[in-house]
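Student: Predicted model and sequence below, questions to follow.
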Amino acid sequence: MIAAALKALSGWKGYAAAALAGALIAGPAVWTAQGWHYDAKISGMERDQAQQIADAQALARATEQRRWAVREEIINDAKTQTAAALADADRARAASERLRQQVARLSAAARNPASAGESQGQSGADTLDLLVRLLSGLDEAGRDVSGFADQLRIAGLACERGYDSLP
């Protein structure tokens, strides 16, 4: 039986059987080695991708922090400018009040018949009262308009700086 099997495996049939047996033994080993190779390659790709994602996230965080820092700086600068504008408005209001008091003294002096000249009389007092009312109205309107304009200018400049800070 062994002799018959050896006779049947002689020649090309023997080589084919040996190749088949070798393929059946070596195939899984090669398949496993190739799997290890690709597993290592995929692990390297996953590691590289994870590093790229981490780098992109760190860059995004740094960019966002920089934007917030610039935003806070712009807001603080706008607050400082607003405080300066309010201080200027207070100084202007005080000067206006002093001027109003001086005009009131002049008006009172013009109404006083003892201090009024013969040429001035009642029409001079009416003209001075008209001037006082006109000055008061213009002063108040000018203060309102200038305060509003200052706020708009400061807000507009802050907005412009915020837009210019974007990449």
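Tutor: On my side now, so go ahead.
Student: Where does the prediction get shaky in this protein?
Tutor: Within the chain, the stretches with pLDDT under 70 are 1-9, 113-125.
Student: Go again with 90.
Tutor: Within the chain, the stretches with pLDDT under 90 are 1-35, 38, 86, 88-90, 92-148, 150-151, 161-167.
Student: how distant is the helix or strand where Asp90 lies from the center of its chain?
Tutor: Asp90 is part of helix 12-111, with elements assigned from DSSP states H and E. Here helix 12-111 is found 11 Å from its chain centre; the criterion is Cα atoms, centre = their mean, to the nearest Å.
Student: Check which helices and strands the following helix or strand past that helix sits against.
Tutor: Proceeding N to C from helix 12-111, the next assigned helix or strand is helix 121-164, under DSSP H and E. Other helices and strands packing on helix 121-164, by 3 or more Cβ pairs under 8 Å, 6 or more residues apart in numbering; DSSP states H and E, are helix 12-111. In this view, the C-beta of every residue, glycine as well, is placed from N, C-alpha and C.
Student: what angle do the helix it packs on and helix 121-164 make?
Tutor: 170 degrees (axes from the mean of the first three to the mean of the last three Cα atoms, to 10 degrees).
Student: Please enumerate residues in contact with stretch 46-59?
Tutor: For stretch 46-59, contacts defined as Cβ atoms under 8 Å, 6 or more residues apart in numbering pick out no residues.
Student: How much space separates Gly44 from Ala33?
Tutor: 17 Å (Cβ to Cβ, to the nearest Å).
Student: right, I mislabeled it, should have said Leu166
Tutor: Relative to Ala33, and taking Cβ to Cβ, Leu166 is found at 53 Å.
Student: Ok, Glu73 next?
Tutor: 60 Å.
Student: Then Ala56?
Tutor: Distance, Ala56 to Ala33, using Cβ to Cβ: 35 Å.
Student: Could you do Arg71 as well?
Tutor: In terms of Cβ to Cβ, Arg71 sits 57 Å off from Ala33.
Student: The two - which one has more neighbours?
Tutor: Comparing Arg71 with Ala33 by other Cβ atoms under 10 Å, the one with more neighbours is Arg71, at 14 against 10.
Student: Give me the spatial nearest neighbour of the more buried one, chain neighbours excluded.
Tutor: Spatial nearest neighbour of Arg71, excluding adjacent residues (Cβ to Cβ, 6 or more residues apart in numbering): Gly162 at 6.3 Å.
Student: burial measure for the one you found, as a count.
Tutor: 16.
Student: Having no further points to raise, I will conclude here.
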